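>>> just need the structure, nothing else, for what follows:
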Amino acid sequence: MTEQNENGDFFLKYRNETLFNDKNSIVQCLKYFDKDNDQSLDLNEFEQLLKSLFSHNGNSYQIEMAKIKAMFDFFDSNKDGKIQLIELENFWFKIIKPTLFPKNALLIVDVQNDFITGTLSLTNCPSKHNGAEIVPIINNLIDTVPFETIAYSIDWHPADHSSFIENVNNRKLAENSPIKENIKTFDSVIYEAYPNVLQILWPAHCIQGTNGAKLHADLKQVDAKTDSLGRSVIYVYKGCLSDIDSYSAFFDNCRLNETSLHNDLKKLGITDLYICGIAADVCVAYTSMDALGLNYRVIYIQDGVRGVDSDNIKKQEINLVNNGALLIKSKDVYDMVGCKDRRPELAYATFLSLARSNKV
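I've put the predicted structure just below:
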């Protein structure tokens with residue numbers, strides 16, 4: 001929810017990097033919000049600063065007082081109950097800077113033929129979702145939003161992959177496997193090779209080099225060499241090892257092997273991941289959770305995903321929010337990437353990361 005901000009959008013002009021990095025800008029910020037002219041910000045003045053920072057079209061987002069107080073106390077390093085100029089400088093570069101200068105990537109998870117019209121089509125799953133519905137939504141984001149990077153993840157399994165129901169008899173089941181006989185599609189087993197990991201058994205899908213593994217024909221694939229917006233492009237392949245699955249675009253399910261995605265994103269300085277794709281409650285959810293664990297600011301595009309089970313999608317979304325992700329609609333993305341719509345949830349996630357590492 002928002003409320004009219006009496007201070008207006010003080011921060012929009014500081015989207016100019018030269019102006020932002022000028023130390024006098026911090027002094028001007030202090031003067032602007034220091035209503036009692038004591039050369040510092042008390043809690044109420046700090047709250048007004050936050051209301052101006054986290055706003056959209058002149059309307060401030062509401063922030064829980066407990067969260068305001070937590071940030072205030074963290075940056076009040078000398079614990080005098082005031083944010084002095086040097087403390088505001090810390091806040092300026094560690095919270096305001098990523099708010100005004102995020103590096104944004106669109107991460108498109110597994111929008112592949114087999115999940116839309118092929119062997120593991122969502123139409124045959126409990127949700128009965130049509131994965132093709134998200135393709136025009138994603139294409140519109142690609143066409144209209146100036147992301148720095150577009151990333152595509154691709155499920156890329158060998159034919160003998162352990163997640164395939166067709167291969168269940170090719171590996172020894174662990175003693176603690178919940179099912180050992182009369183095993184069916186969508187059952188979960190545990191293999192002896194990985195005794196602590198449940199493996200859901202899916203129909204064979206996204207086999208390397210097959211049509212089913214290709215990205216959907218209507219999904220736009222950006223060419224970095226000809227892209228008019230000059231965006232970088234990343235392709236990441238996952239689930240490539242026979243004996244262990246990889247729902248996440250970052251790690252396999254045992255977290256023994258890491259894909260190239262995190263390294264590629266960090267090289268480009270990416271801070272914010274806008275995530276969409278298939279399946280919302282499996283690969284999209286696992287990718288989003290790992291992104292949060294790697295300290296990315298995660299924005300989950302609700303109308304840009306389809307999944308296996310509607311109830312599980314809701315559970316996964318609740319879990320993502322509880323861990324710091326922001327759920328939005330695709331119509332909100334343009335203003336967020338352009339920093340006209342600045343959400344406090346993302347800054348608070350940045351703050352929690354700082355607090356965990358005790359980096360004042």
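>>> ok, residues contacting stretch 210-224?
For stretch 210-224, the surrounding residues in contact (C-beta atoms under 8 Å, 6 or more residues apart in numbering) are 108, 111-114, 116, 118-119, 131-132, 135-136, 138-139, 142-143, 150, 152, 154-157, 205-207, 231-233. Heads up, the C-betas are built off the backbone N, CA and C, glycines and all.
>>> are any of those residues buried, and which?
108, 111-114, 116, 118-119, 131-132, 135, 138, 142, 150, 152, 154-157, 205-207, 231-232 (16 or more other C-beta atoms under 10 Å).
>>> how many residues are close by residue 349?
When neighbours are defined as other C-beta atoms under 10 Å, residue 349 has 21 of them.
>>> same check, this time on the one 5 residues further on
Per other C-beta under 10 Å, the neighbour tally for residue 354 reads 18.
>>> tell me how far it lies from residue 94.
Residue 354 sits 6 Å away from residue 94, going by C-beta to C-beta, to the nearest Å.
>>> so which of the buried ones among the contacts of stretch 210-224 belong to helices?
Judged by DSSP state H, helices contain the following of these: 113-114, 116, 135, 138, 142.
>>> and residue 189, what is it in contact with?
For residue 189, counting by C-beta under 8 Å, 6+ apart, the contacting residues are 168, 173, 177-180, 183, 198-199, 201.
>>> what's the longest strand in the chain?
Secondary structure assigned by DSSP state E gives strand 297-306 as the longest strand of the chain.
>>> mind giving me the packing neighbours of it?
Secondary-structure packing of strand 297-306 (3 or more C-beta pairs under 8 Å, 6 or more residues apart in numbering; DSSP states H and E): helix 134-144, strand 272-278, helix 285-293, helix 310-322, strand 326-328, helix 333-337, helix 344-357.
>>> from the ones in helices among the buried ones among the contacts of stretch 210-224, which two are the most distant?
Within those, 114 and 142 form the most distant pair, 21.8 Å apart (C-beta to C-beta).
>>> low-confidence ranges, the protein, go.
When residues are selected by pLDDT under 70, those of the chain lie in 1-8, 359-360.
>>> thinking again about what came up before, most tightly surrounded among the helices and strands packed on strand 297-306?
strand 272-278 (a mean of 26; mean count of other C-beta atoms under 10 Å).
>>> who does that strand touch, helix- and strand-wise?
Against strand 272-278 (3+ C-beta pairs under 8 Å, 6+ apart) you get strand 104-109, helix 134-144, helix 285-293, strand 297-306.
>>> for the last one, list the C-alpha coordinates in PDB.
Right, strand 297-306. Output in PDB follows, covering the C-alpha atoms of strand 297-306 (Å, rounded to 0.1, in the frame of the first residue of the first chain):
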ATOM      1  CA  ARG A 297      17.600  -9.200  -5.000                       C
ATOM      2  CA  VAL A 298      14.900 -11.400  -6.400                       C
ATOM      3  CA  ILE A 299      11.800 -10.200  -8.200                       C
ATOM      4  CA  TYR A 300       9.400 -13.100  -9.100                       C
ATOM      5  CA  ILE A 301       7.100 -12.300 -11.900                       C
ATOM      6  CA  GLN A 302       3.800 -14.000 -11.000                       C
ATOM      7  CA  ASP A 303       2.100 -13.800 -14.400                       C
ATOM      8  CA  GLY A 304       5.300 -14.900 -16.100                       C
ATOM      9  CA  VAL A 305       5.400 -18.300 -14.600                       C
ATOM     10  CA  ARG A 306       3.400 -21.600 -14.900                       C
END
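>>> that one pairs with which strands?
Partners of strand 297-306 in the sheet, by DSSP bridges, are strand 272-278 (parallel), strand 326-328 (parallel).
>>> out of those, nearest to residue 12?
With C-beta to C-beta, the closest approach to residue 12 among the strands paired with strand 297-306 belongs to strand 272-278: 18.0 Å.
>>> quick one, what contacts the residue nearest the centre of the chain?
What sits nearest the mean C-alpha location of the chain, by C-alpha atoms, centre = their mean, is residue 298, with 2.6 Å. When the contact criterion is C-beta under 8 Å, 6+ apart, the partners of residue 298 are 272-273, 275, 288, 291-292, 320, 324-326, 349.
>>> any idea how far it is from residue 330?
15 Å.
>>> hang on, the earlier thing: turn the helices and strands packed on strand 272-278 into a markdown table, columns for distance to residue 190.
A markdown table is the format used below for the helices and strands packed on strand 272-278 (distance: least, C-beta to C-beta, whole Å):
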| stretch | distance to residue 190 |
| --- | --- |
| strand 104-109 | 26 |
| helix 134-144 | 33 |
| helix 285-293 | 18 |
| strand 297-306 | 28 |
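>>> out of those, flag the one nearest residue 73.
strand 297-306 (22.0 Å).
>>> so what's the gap between the closest one and the chain middle?
Offset of strand 297-306 from its chain centre (C-alpha atoms, centre = their mean, to the nearest Å): 8 Å.
>>> try stretch 266-275
9 Å.
>>> how long is it from one end to the other?
16 Å (C-alpha to C-alpha, to the nearest Å).
>>> that's all I had, so thanks and see you.
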